[in-house]
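Q: Prediction below, plus the sequence it came from.
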Amino acid sequence: GAGVSQSPSNKVTEKGKDVELRCDPISGHTALYWYRQSLGQGLEFLIYFQGNSAPDKSGLPSDRFSAERTGGSVSTLTIQRTQQEDSAVYLCASSQGQFSGNTIYFGEGSWLTVV
Amino acid sequence: AQSVTQPDIHITVSEGASLELRCNYSYGATPYLFWYVQSPGQGLQLLLKYFSGDTLVQGIKGFEAEFKRSQSSFNLRKPSVHWSDAAEYFCAVGVKAAGNKLTFGGGTRVLVKP
């Protein structure tokens, strides 16, 4: 597609349930990022995938959060046993690869509300 | 670790007036610097970026930014604001040694008065 595509755009879930958020990066982009945007916390880095390298998971806030990227393209962010503090907009981004000189393009985000 | 500060949480400006958004960063070397804009309900759109070279960078929508190493600043400017510029603006720092991830400032929300 023309841009980074995320689904669902909105998700309301009950506390304790698991959720999956999907990201379809721009075709040909080897780098994929997940960020979280929440009130009071701003934009936080979560995880970064680059090609076949091991992902950089340093931003994941707890072991309830995990992400995978299948076939070097689509990525899924999974939040297990959701808590109210997980309510946020989850933004996916992609870039062509080597960071320097390459623009990072963001999707419109998945708005998660945990009730 | 690098950090980014946007001192102004909100700015209100009249349509047609000039706009300047402040951004200060903390990092030992020259980082990669970015400005993104986020309109309500939208994702982040890149306005401009600085990697090296000319310290005055031109971006989309009539925006420009100037990198000042001595002040660790990368302020965003627009000479004449349009109502459609009402949005939230984020300054970000990228450091390759930090794993290719961006560190964002807290954002500045711009309101445009008619």
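A: Arrived safely, thanks for sending.

Q: nearest spatial neighbour of B:Trp83, skipping sequence neighbours?
A: In space, and not counting its chain neighbours, B:Trp83 is closest to B:Val112: 5.0 Å by C-beta to C-beta, 6 or more residues apart in numbering or on different chains. All C-beta atoms are positioned from the backbone trio N, CA, C, and that covers glycine.

Q: buried stuff in stretch A:44-61?
A: Residues of stretch A:44-61 classed as buried by neighbour count (16 or more other C-beta atoms under 10 Å in any protein chain shown): A:44-50, A:55-56, A:59-60.

Q: And stretch B:80-100, by the same measure?
A: B:81, B:85-95, B:98, B:100.

Q: helices or strands next to the helix or strand harbouring A:Gln6 in the packing?
A: In the assignment (DSSP states H and E), A:Gln6 maps to strand A:5-7. For strand A:5-7, the contact count by 3 or more C-beta pairs under 8 Å, 6 or more residues apart in numbering or on different chains; DSSP states H and E identifies strand A:19-24, strand A:88-95 as packing neighbours.

Q: Buried residues of it, list them for me.
A: For strand A:5-7, the neighbour count (16+ other C-beta under 10 Å) marks A:5-6 as buried.

Q: what's in contact with whichever helix or strand comes after it?
A: Going down the chain from strand A:5-7, the next helix or strand is strand A:10-13, by DSSP H and E. For strand A:10-13, contacts defined as C-beta atoms under 8 Å, 6 or more residues apart in numbering or on different chains pick out A:19, A:21, A:82, A:110-115.

Q: Kindly present the buried residues of stretch B:80-100 as TSV, with separate columns for secondary structure and distance to chain A.
A: Formatted as TSV, the buried residues of stretch B:80-100 follow (DSSP: H, G, I helix; E, B strand; the rest coil; distance: C-beta to the nearest C-beta, whole Å):
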residue	secondary structure	distance to chain A
B:Val81	coil	23
B:Asp85	helix	19
B:Ala86	coil	18
B:Ala87	strand	14
B:Glu88	strand	10
B:Tyr89	strand	12
B:Phe90	strand	7
B:Cys91	strand	11
B:Ala92	strand	8
B:Val93	strand	11
B:Gly94	strand	6
B:Val95	coil	9
B:Ala98	helix	9
B:Asn100	coil	4
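
Q: ok, the contacts of strand A:10-13 vs B:Phe34, which is closest?
A: Closest approach to B:Phe34 among the contacts of strand A:10-13 (C-beta to C-beta): A:Ser110, at 22.3 Å.

Q: tell me, how many neighbours does the closest one end up with?
A: A:Ser110 has 22 neighbours, counted by other C-beta atoms under 10 Å in any protein chain shown.

Q: distance of it from A:Ser87?
A: The gap separating A:Ser110 from A:Ser87 is 12 Å, by C-beta to C-beta, to the nearest Å.

Q: At the geometric centre of chain A, which residue do we find?
A: Geometric centre of chain A, nearest residue: A:Trp34, 3.1 Å, by C-alpha atoms, centre = their mean.
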